[in-house]
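J.: How does the following fold in three dimensions:
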Amino acid sequence: MTPPFLSSELQERHRQQAQAAMLDLQHKGQWKGSTQAHVAYQKKPLEWIVKYLEVPERTLRWSLNPGYTKHEWDGDRDPLVKAFCALADWKNCGIESATGVGKTYVAACIVFWFIACHENSLVITIAPKETQLLTQLWKEIGALWPRFRKHFPQAELLSGMIRMRPGEDAAKMSWTAMAFVCGVGADEEIAGRAKGFHREHMLFVSEETQSIHAAIMKSFDTVVPPTTTCTLASATRPTSRTRCICSASARLR
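T.: Residues are numbered from 1 along each chain as shown. Next up is the predicted model:
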């Protein structure tokens, strides 16, 4: 049987109709394209980070390294694994350590895991100053970006923003991660802006939490309705401010 023949004119008409339908879905925030979330890893952050970001497991699970067999932990055993488990269970978690231990690198890995595994999710990265976000956390995100983009080629990295669907209406941005500068005071305007964040799945990642006013941190912990899931990963030097908002903490010592 001879297959049906479509004239070039009809083919072009179908192409235009398909393009129009795609744009309509994008404007409505319903376009998925070929970007699919890794939902099987929603409860497996460590496994996802090792597999897709190609981070050696021993970098995150320290007990795998030589010398840890009889190591006396001054803090939590494998604290990063504990933090990952807490986040996967939707618990607020604080990562406490001195500077230069790797909190920011781990926070970048967490951002990628969350946005990769939760479709239409929103990740808000928080710090008192823009330079702290762009030269620390987002610098690590930029370094890991080539590994992430291999699995999400349509994703786009901008200054302080990841867009999983670049063609989507900028007013919607249904699947994204962004930087949010909160300052150091109890600014009512900042708290009000925070209350405007709403998604089914949300993750807040704070840097230099000891310099963020407690009122601001509390506002992030209460912005979402009861029907929405929300998790906070707080990477900071040891401070009681972190513990007051976290149901789990991991001490890196």
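
J.: in stretch 145-158, what counts as buried?
T.: Using 16 or more other Cβ atoms under 10 Å as the test for burial, stretch 145-158 gives 145, 148, 152, 155, 157. For every residue, glycine as well, the C-beta is placed using N, CA and C.

J.: how about CSV for those residues, with secondary structure, pLDDT and distance to residue 210 added?
T.: Listed next are the buried residues of stretch 145-158 as CSV, based on DSSP: H, G, I helix; E, B strand; the rest coil; pLDDT from 0 to 100; distance: Cβ to Cβ, whole Å:
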residue, secondary structure, pLDDT, distance to residue 210
145, helix, 96, 28
148, helix, 96, 29
152, coil, 92, 33
155, coil, 92, 32
157, strand, 93, 28
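
J.: May I see the residues you listed organised as a markdown table, with distance to residue 137 added?
T.: Below are the buried residues of stretch 145-158 laid out as a markdown table (distance: Cβ to Cβ, whole Å):
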| residue | distance to residue 137 |
| --- | --- |
| 145 | 13 |
| 148 | 14 |
| 152 | 19 |
| 155 | 17 |
| 157 | 13 |
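
J.: from the residues you listed, which single one is nearest residue 51?
T.: Comparing those against residue 51 with Cβ to Cβ places residue 148 closest, at 11.9 Å.

J.: List the strands paired with whichever strand or helix holds residue 94, with their directions.
T.: Under the criterion of DSSP states H and E, residue 94 resides in strand 93-96. Strand 93-96 pairs in its sheet with strand 229-236 (parallel), strand 248-251 (parallel), by DSSP bridges.

J.: Mind listing what's buried along the following helix or strand past that strand?
T.: Later in the chain than strand 93-96, the nearest helix or strand by DSSP H and E is helix 103-117. By 16+ other Cβ under 10 Å, the buried positions in helix 103-117 come out as 103-117.

J.: what helices or strands is helix 103-117 leaning on?
T.: Here helix 103-117 touches helix 45-52, helix 79-88, strand 93-96, strand 122-127, helix 138-149, strand 176-181, strand 201-207, strand 229-236, going by 3 or more Cβ pairs under 8 Å, 6 or more residues apart in numbering; DSSP states H and E.

J.: Now do that helix and helix 79-88, the angle between them.
T.: Relative orientation of helix 103-117 versus helix 79-88 (axes from the mean of the first three to the mean of the last three Cα atoms, to 10 degrees): 30 degrees.

J.: gap between residue 213 and residue 206?
T.: Plainly put, residue 213 is 12 Å away from residue 206 if you go by Cβ to Cβ, to the nearest Å.

J.: Could you do residue 58 as well?
T.: For residue 58 relative to residue 206 (Cβ to Cβ), the value is 27 Å.

J.: For stretch 86-94, list the C-alpha coordinates in CSV.
T.: The C-alpha coordinates for stretch 86-94 follow below in CSV (Å, rounded to 0.1, in the frame of the first residue of the first chain):
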residue,chain,number,x,y,z
ALA,A,86,16.6,14.5,56.3
LEU,A,87,15.9,16.5,53.1
ALA,A,88,14.5,13.5,51.3
ASP,A,89,12.1,13.1,54.2
TRP,A,90,11.0,16.8,53.9
LYS,A,91,12.7,17.9,57.1
ASN,A,92,14.4,21.2,57.7
CYS,A,93,18.1,20.5,58.0
GLY,A,94,21.1,22.6,59.1
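
J.: what's the lowest-pLDDT member of the buried residues of helix 103-117?
T.: For those, the least confident position by pLDDT is residue 103, scoring 83.

J.: Settle this for me: it is touching residue 95, isn't it.
T.: Yes. Residue 103 is within contact range of residue 95, at 5.3 Å (criterion: Cβ atoms under 8 Å).
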